[in-house]
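Participant: quick one, fold the following:
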Amino acid sequence: MGTGDIRVRGIAARAGGWSAQHRWAAVGIWVLFVVLAMGIGSAVGTVEVKESDQLGGETHTAALITEEAGIDEPASETVLIQSRDGSVKATDPEFRAAVAAVVAAVDKTGKVTDVTSPYDSDTISEDGRSALVQFDMRGDSDTAGERVEPVLEAVEGVQKDHSSLRIEEIGGASMMKTFDDAFGDDFQQAELSAVPVALGILLIAFGALVAALLPVALAVTAIMATMGLMSIASHFQPMDDTASSVMLLVGLAVGVDYCLFYLRREREERAAGRDPETALRIAAATSGRAVIVSGVTVCVAMAGMLFTGLATFEAMGLASLMVVAVAMVGSVTVLPALLSLLGQRVEKGRIPFLHPDKRRKNGNGGRADEGSRFWSAVLKVVLARPAVSLVVAAGTLLAIAAPAVGMKTQNLTLDQEFGDSLPIVQTYNRVNDAFPGGSEPAEVIVKADDINAAEVKTALAQFKEQAVSSGASRGPVEIKLHDVQNIAYVYVPLVGGSDLDKAGASLDKLRDEVRPATLGKIDGLQAPITGQVAGSKDFNDQLAGAVAPVFAFVVVFAFLLMLLSFRSLTVAITSIVLNLLSVGAAYGILVAVFQHGWGASLVGAEGVGAIVTWLPLFLFVILFGLSMDYHVFVVSRIREARMRGRSTNEAIKHGVVTTAGVVTSAAVIMVAVFAIFGTLSMQSMKQMGVGLAAAVLIDATIIRGVLLPAVMALLGERNWYLPKWLHWLPDFTHDESPEAVAPVTRDDEGKPLRV
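Facilitator: From the prediction side, this is the model:
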């Protein structure tokens with residue numbers, strides 16, 4: 001059957017057919033949509049996520065109090081003055097002279113305010129060998145990093161005059177500048193390099209410049225349109241930079257994937273002898289449908305993040321959902337139009353030895369549907385021994401997933417995030433050693449009807465005293481009053497310092513023991529406790545409460561979508577199980593590499609003892625969605641072959657080997673793009689990049705190449721089992737077979753087999 005009439009139905013087929021017939025209109029509508037989305041988005045601007053919306057619990061309450069009071073906390077800076085060999089103490093004249101020089105130098109810059117000597121604030125370590133000069137930067141705290149350089153230079157000048165002492169500055173502004181200088185372009189360069197990497201891999205996959213450019217062009221235009229839509233949506237759901245970065249990653253991945261599915265099928269049909277129009281209609285009815293099923297499934301998975309109650313996650317979920325929807329619509333509308341316009345010119349810019357025609361001539365076979373020789377060899381073994389293959393592959397993945405049982409999550413501290421390669425990180429560690437918790441104190445935001453009332457002042461004094469006597473802090477506890485707003489800020493260095501487990505225990509003492517016994521006795525007084533340690537704890541608590549509903553939502557809806565798409569209870573169940581196994585293996589790799597440090601040096605990382613708090617849930621949602629791309633594409637092809645009359649094993653082999661090229665190309669692009677983010681300096685970005693890359697690699701190889709065919713081979717005709725009580729479900733499978741007359745497959749009793 002070469003170019004006969006193809007009767008197809010379904011949204012994807014109708015959309016592709018309309019676009020091919022009205023190609024200029026389809027392209028024009030897409031361009032207009034992208035331009036309008038960007039233009040309107042630019043005009044309305046973007047609403048950023050507020051700090052008060054970032055978290056729940058006491059951290060949220062504290063941020064609200066500060067926001068409502070209109071208090072803009074300045075960026076605080078600290079200068080550590082420390083004896084290098086321990087021979088000089090804070091009481092010595094040399095030490096006092098250095099302190100005075102620092103106070104005078106930073107004050108002289110005109111960039112700071114409220115400079116405090118350690119002799120006035122009692123910020124001298126217990127051993128008397130370290131002291132802290134504290135001050136605030138003038139102006140907006142968000143831009144303080146741009147103004148801190150003269151202050152840093154002043155401190156460096158004092159250091160040159162006092163070589164026997166260590167004089168180093170640390171704080172919000174200095175850290176901001178240091179990280180911007182060291183890593184400012186790091187993330188941006190990774191984002192920019194993702195597109196050339198994807199294009200290079202597509203050139204190898206297609207062997208033609210025009211064919212390789214199409215997926216990248218669609219992905220980029222989908223991302224551009226979504227950026228505009230994000231600005232519009234931000235007026236209902238505020239956005240942030242993290243959401244934009246995640247949107248770019250997801251948009252590039254799915255945009256390229258969907259085009260790959262479509263293009264490879266259209267090219268395959270033309271190679272089989274069909275005319276371009278027929279090949280395009282077949283691609284629309286088959287791969288187009290797989291794109292829609294996959295896209296809707298990914299959107300549902302991304303929607304799971306909307307149930308976390310965390311503004312950043314909600315922004316990421318909405319941004320990802322939008323870019324997937326845009327890429328999906330573009331793939332089944334403007335892509336068929338472009339392919340119709342280009343015709344055979346899609347093969348322009350052929351690259352010698354890379355184009356499929358050249359590869360076939362060089363001994364790769366002449367049939368269009370032969371597929372991958374490598375996967376043909378693998379499938380031969382798997383289908384011959386499906387039970388053994390299942391046990392070995394599943395056992396391997398379970399072994400890889402085993403470390404995940406002991407997963408520990410936390411917000412990474414500065415030294416965990418960046419290591420000790422930067423001098424400022426070493427300063428951070430030295431401050432914490434000399435003043436445990438001093439670099440990241442707990443902040444108690446006290447709001448009263450009258451902050452200067454006698455009973456409030458007494459309660460504040462008692463809190464300050466008991467914070468130290470309870471063992472939660474070694475002091476000094478600092479109190480800053482804002483009389484006009486009737487608010488006091490109490491800064492409490494926590495025992496435990498950068499060890500979040502110990503510091504968390506100190507925080508619990510403040511919240512559960514010290515506060516109720518002091519500030520808690522004043523009627524109408526609010527005293528939420530915030531800070532880095534409190535923020536980490538509140539984030540963990542809120543995220544832990546969101547895990548169950550998010551997991552349930554994603555799994556249940558993915559199951560229902562698979563059930564409706566394939567009208568098979570078995571396919572729906574195996575889809576979920578295989579995806580969960582893939583996610584579990586990714587978790588195991590993360591824990592092994594980043595928590596325990598096994599093989600961490602191989603990926604340029606180090607074991608930091610924990611996984612960043614937001615990553616497990618983020619990975620689950622992203623991976624569950626993206627892995628459905630491969631699953632839907634492969635199973636659709638298997639089902640199509642089965643409907644044509646092939647035996648189950650033949651259909652499995654045909655489905656896997658003919659999709660192997662697409663899945664491999666898509667997986668290589670995803671792994672390469674995610675691996676780029678694994679090269680960034682921040683440990684949290686390394687964890688995200690390595691986790692995503694490892695999961696996609698496992699999913700495209702062990703899951704789709706071994707486990708899926710082994711399971712389906714063992715199940716046989718039970719793959720297509722649908723209980724009678726579910727026959728009322730709508731039939732969304734009618735456009736999977738592109739042939740005009742598909743052979744009727746019958747069971748052992750001679751009855752037509754519905755698959």
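
Participant: so where do the strands sit in the stretch 601-750 of the chain?
Facilitator: 611-612 (DSSP state E, counting those that start in this stretch).

Participant: residue ranges in it under the pLDDT threshold?
Facilitator: The stretch 601-750 of the chain contains residues with pLDDT under 70 at 604, 731-750.

Participant: repeat that with 90
Facilitator: For the stretch 601-750 of the chain, residues meeting the criterion pLDDT under 90 lie at 601-701, 704-705, 716-750.

Participant: the stretch 201-350 of the chain now?
Facilitator: 201-219, 234-317, 320, 331-332, 335-350.

Participant: okay, now Pro150: neighbour count?
Facilitator: Counted by other Cβ atoms under 10 Å, the residues lying close to Pro150 total 15. Where C-beta positions appear, they are placed from N, C-alpha and C, glycine not excepted.

Participant: do Ala272 as well
Facilitator: For Ala272, using other Cβ under 10 Å, the count is 15.

Participant: packing partners of the host helix or strand of Thr78?
Facilitator: Following DSSP states H and E, one finds Thr78 within strand 76-83. Helices and strands touching strand 76-83, by 3 or more Cβ pairs under 8 Å, 6 or more residues apart in numbering; DSSP states H and E, are helix 93-108, strand 130-137, strand 165-171, helix 172-183, helix 423-434.

Participant: that one pairs with which strands?
Facilitator: strand 130-137 (antiparallel), strand 165-171 (antiparallel) (DSSP bridges).

Participant: what residues does that strand touch?
Facilitator: Identification of contacts with strand 76-83 by Cβ atoms under 8 Å, 6 or more residues apart in numbering yields 89, 95, 98-99, 102, 106, 112, 118, 129-137, 148, 151, 155, 164-174, 427, 430-431, 434, 438-439.

Participant: what packs against the host helix or strand of Ala315?
Facilitator: Using DSSP H and E, the element containing Ala315 is helix 311-332. With contacts defined as 3+ Cβ pairs under 8 Å, 6+ apart, the packing partners of helix 311-332 are helix 11-21, helix 51-54, helix 209-233, helix 241-271, helix 287-303, helix 615-643.

Participant: and the residue nearest to Lys348 when sequence neighbours are not counted, how many neighbours does it have?
Facilitator: Leaving aside its chain neighbours, Lys348 sits nearest to Val210 (4.5 Å; criterion: Cβ to Cβ, 6 or more residues apart in numbering). Val210 has 16 neighbouring residues, counting by other Cβ under 10 Å.

Participant: quick one: Val210 and Thr221, what's the gap?
Facilitator: 16 Å (Cβ to Cβ, to the nearest Å).

Participant: wait, Met682 touches Gln416, no?
Facilitator: No: using Cβ atoms under 8 Å, Met682 makes no contact with Gln416, being 10.1 Å away.

Participant: buried sites along stretch 302-321?
Facilitator: Buried residues in stretch 302-321, counted by 16 or more other Cβ atoms under 10 Å: 302-308, 310-321.

Participant: between helix 423-434 and the strand holding Thr78, find me the angle.
Facilitator: 70 degrees (axes from the mean of the first three to the mean of the last three Cα atoms, to 10 degrees).

Participant: those helices in the stretch 501-650 of the chain, which residues are they?
Facilitator: Under the criterion DSSP state H, counting those that start in this stretch, the stretch 501-650 of the chain carries helices at the ranges 515-517, 532-566, 569-590, 615-643, 648-677.

Participant: what's the most buried one of those?
Facilitator: helix 615-643 (a mean of 25; mean count of other Cβ atoms under 10 Å).

Participant: other SSEs contacting that helix?
Facilitator: helix 241-271, helix 287-303, helix 311-332, helix 532-566, helix 569-590, helix 648-677, helix 683-698, helix 708-715.

Participant: these: which one's closest to Arg639?
Facilitator: The closest of the helices and strands packed on helix 615-643 to Arg639 is helix 532-566. By Cβ to Cβ, the value is 6.5 Å.
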